[in-house]
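Visitor: missing the sequence, but the structure's below:
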């Protein structure tokens, strides 16, 4: 896994250097780092590790909070010279086709965990080794992590990244994702503060 290409991308939040990481330059679905132009390793860097969610990130689906989290993370990282690591692990690692199948099962009454298990997967198939590789390539060893997921903190810490602070990334529940968020909190341990 190494840097294959990079370019400055002007966004509504400011300029970010988009860096594509893959094993080979012909890879069509590389992982990405969005590094704000004011990025510096002189202090712990604000980082969001975001797993791809085509339905939320691109089409604004309200079945989840992913698109809203990505937008808020772009705003926060821009204000603080941070980084977004965008991992290509759609649907908690099961891919878009299986994610669509899982959505159908959720429509039939299963929660997000049980739908994945029904399809033969773990509740969460993601891993964060690639994010660690990317951060280390960028010279980042100390971070302030934008996350609600304690497993993400543990995964990074266990691989040599010092998480000096967890910054909550709370999105107000909507009618389409309230049960999804409740499941993430009650069964996956996400720190959402829902009553």
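Guide: Structure's in. What do you need? The structure presented is a predicted model; accordingly, all values stated were derived computationally and were not measured. Numbers count the residues shown, from 1 in each chain.

Visitor: if I look at residue 40, how far off is residue 150?
Guide: Using CB to CB, to the nearest Å, residue 40 is found at 27 Å from residue 150. Glycine gets a C-beta too; all of them are placed from N, C-alpha and C.

Visitor: which of these two has more neighbours?
Guide: Ranked by neighbour count (other CB atoms under 10 Å), residue 40 and residue 150 place residue 150 first, with 13 against 10.

Visitor: for the residue nearest the centre of the chain, which three-state class applies?
Guide: Centroid check for the chain by CA atoms, centre = their mean gives residue 50 as the closest residue, at 1.4 Å. At residue 50 the chain is in strand, as set by DSSP: H, G, I helix; E, B strand; the rest coil.

Visitor: and residue 34, by the same measure?
Guide: strand.

Visitor: test my guess that it contacts residue 81.
Guide: No: the pair residue 34 / residue 81 is not scored as a contact, 11.9 Å apart, by CB atoms under 8 Å.

Visitor: could you check which of the two is surrounded by more residues?
Guide: For the pair residue 34 and residue 81, the greater number of neighbours falls to residue 34 (24 against 17), based on other CB under 10 Å.

Visitor: what sits against that one?
Guide: Neighbouring residues of residue 34 by CB atoms under 8 Å, 6 or more residues apart in numbering: 9, 16-18, 74, 77, 83-84, 86.

Visitor: sitting in strands, which of those do you find?
Guide: 9, 16-18, 83-84, 86 (DSSP state E).

Visitor: off-centre distance for stretch 134-151?
Guide: The chain centre lies 11 Å from the centre of stretch 134-151; the measure is CA atoms, centre = their mean, to the nearest Å.

Visitor: average pLDDT for it?
Guide: Mean pLDDT, computed over stretch 134-151, is 94.

Visitor: quick check: buried residues in stretch 101-117?
Guide: 101-103, 105-106, 110-116 (16 or more other CB atoms under 10 Å).

Visitor: could you do stretch 123-138 as well?
Guide: So stretch 123-138, judged by 16+ other CB under 10 Å, has buried residues 124, 126, 128, 130-135, 138.

Visitor: do stretch 88-103 as well
Guide: 88-95, 98-99, 101-103.
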